[in-house]
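J.: Pasted the sequence and its predicted model underneath.
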Amino acid sequence: MQRLLKLQELNPYLTCMLCSGYLIDATTLVECSHSFCRSCLLKYLESSYNCPKCTTEIHKTKPLEYTRSDPVLQEIVYKLVPELYFEEEKRREKWQKIDKNIGGFRSKICKDLRKDISKKNSDKPGSFEFTKDMFNESRILVTLKYFRGTSRIERIKTESVLQMFPTRYLCCKPNMPVKVLKKFVQYKFDISSETFQIDLWRGDETLMDNLTLKQIVQIYGLYRERKPLELHFSVYPNSNGSKETDGTQNDENVAS
């Protein structure tokens with residue numbers, strides 16, 4: 001039997017000892033493999049060439065060359081603490097707006113240069129940048145499949161049920177929230193909101209209504225896969241608040 005770990009038990013591996021917060025732009029030292037926030041580490045290396053945690057010497061003259069971005073660790077942090085991702089994205093968007101409005105004297109040459117540098121950085125393998133053009137696309141392809149809304153999240157094999165809820169292939173905007181997709185399912189299959197409730201899933205996890213498709217791609221580390229985002233929906237009666245657990249009786253009621 002697997003033991004569930006509390007987030008508090010994992011905190012030592014997810015936090016930066018320099019700021020005592022969760023890792024942002026996780027950066028790992030090559031010599032000792034200890035990780036810190038990038039901004040915290042850069043500031044620390046201005047006055048010391050040793051690891052803040054184990055005091056191992058990084059390099060006598062060029063310590064920055066022996067640091068590496070750690071996108072895998074950052075993905076783990078954002079997946080375990082999704083609120084952190086939302087807050088960080090809001091801060092960066094706010095900073096970008098301030099940066100664009102400062103002074104109003106920035107020349108077109110400077111703007112083009114900044115865009116060119118940003119594009120080059122985003123093309124580097126392992127880079128993890130929060131930019132509006134991260135996917136180089138204005139749309140995200142989505143496959144929407146029906147799943148039984150049981151505690152085990154089992155796929156329905158019955159042909160009649162699959163015919164009632166065929167797979168839908170959608171082309172959506174990255175900022176589309178989950179609640180809009182739920183509305184689409186409701187109207188597409190003529191499901192009464194007074195009688196039935198709809199949930200959207202990614203794997204075995206229920207998706208919150210305010211999550212956007214772009215955020216789902218980020219949280220689940222799917223931005224490298226370059227394939228349609230696969231989501232599933234379940235339908236169950238909302239009269240007693242319990243998800244359906246028997247046969248196809250509820251599915252037939254939905255279609256009636």
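T.: The structure has been received and is ready for your questions.

J.: Now do the buried residues in the longest strand seen in the chain.
T.: Scanning the chain for the longest strand, with DSSP state E as the assignment, gives strand 229-237. Using 16 or more other C-beta atoms under 10 Å as the test for burial, strand 229-237 gives L229, L231, H232, F233, S234, V235, Y236, P237. Any C-beta I mention is one placed from the backbone N, CA and C, and that applies to glycine too.

J.: pLDDT (mean, whole number) over stretch 67-85?
T.: The average pLDDT for stretch 67-85 rounds to 86.

J.: Could I get the buried residues of strand 229-237 in CSV, plus columns for distance to L144 and pLDDT?
T.: Formatted as CSV, the buried residues of strand 229-237 follow (distance: C-beta to C-beta, whole Å; pLDDT from 0 to 100):
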residue, distance to L144, pLDDT
L229, 9, 87
L231, 6, 91
H232, 7, 89
F233, 6, 89
S234, 12, 85
V235, 13, 83
Y236, 17, 79
P237, 21, 83
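
J.: okay, the top helix by length along the chain in PDB with CA atoms only?
T.: In the chain, assigned by DSSP state H, the helix with the most residues is helix 82-101. Output in PDB follows, covering the C-alpha atoms of helix 82-101 (Å, rounded to 0.1, in the frame of the first residue of the first chain):
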ATOM      1  CA  PRO A  82      -0.200  25.200  -8.700                       C
ATOM      2  CA  GLU A  83      -1.100  28.400  -6.900                       C
ATOM      3  CA  LEU A  84       2.600  29.400  -7.000                       C
ATOM      4  CA  TYR A  85       2.500  29.300 -10.800                       C
ATOM      5  CA  PHE A  86      -0.600  31.500 -11.000                       C
ATOM      6  CA  GLU A  87       0.900  34.100  -8.700                       C
ATOM      7  CA  GLU A  88       4.200  34.100 -10.500                       C
ATOM      8  CA  GLU A  89       2.500  34.400 -13.900                       C
ATOM      9  CA  LYS A  90       0.500  37.400 -12.700                       C
ATOM     10  CA  ARG A  91       3.600  39.100 -11.300                       C
ATOM     11  CA  ARG A  92       5.500  38.600 -14.600                       C
ATOM     12  CA  GLU A  93       2.500  39.900 -16.700                       C
ATOM     13  CA  LYS A  94       2.300  42.900 -14.400                       C
ATOM     14  CA  TRP A  95       6.000  43.600 -14.800                       C
ATOM     15  CA  GLN A  96       5.800  43.300 -18.500                       C
ATOM     16  CA  LYS A  97       3.100  45.900 -18.600                       C
ATOM     17  CA  ILE A  98       5.100  48.200 -16.500                       C
ATOM     18  CA  ASP A  99       8.200  47.600 -18.600                       C
ATOM     19  CA  LYS A 100       6.300  48.500 -21.800                       C
ATOM     20  CA  ASN A 101       4.900  51.700 -20.300                       C
END
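
J.: And the strands in the protein?
T.: In the chain, the strands defined using DSSP E lie at 26-29, 35-37, 67-69, 140-146, 168-172, 196-202, 205-206, 229-237.

J.: looking at those strands, which is closest to C16?
T.: If you check each of the strands of the chain against C16 by C-beta to C-beta, strand 35-37 wins as the nearest, at 4.4 Å.

J.: Which strands or helices does that closest one pack on?
T.: Applying 3 or more C-beta pairs under 8 Å, 6 or more residues apart in numbering; DSSP states H and E, one finds that strand 35-37 contacts strand 26-29.

J.: Other residues contacting the strand it packs on?
T.: Contact partners of strand 26-29, identified using C-beta atoms under 8 Å, 6 or more residues apart in numbering, comprise 34-38, 41, 51, 56, 58, 66-71, 73-74, 77.

J.: and if we set it to 7 Å?
T.: 34-36, 38, 41, 51, 58, 66-70, 73-74, 77 (C-beta atoms under 7 Å, 6 or more residues apart in numbering).
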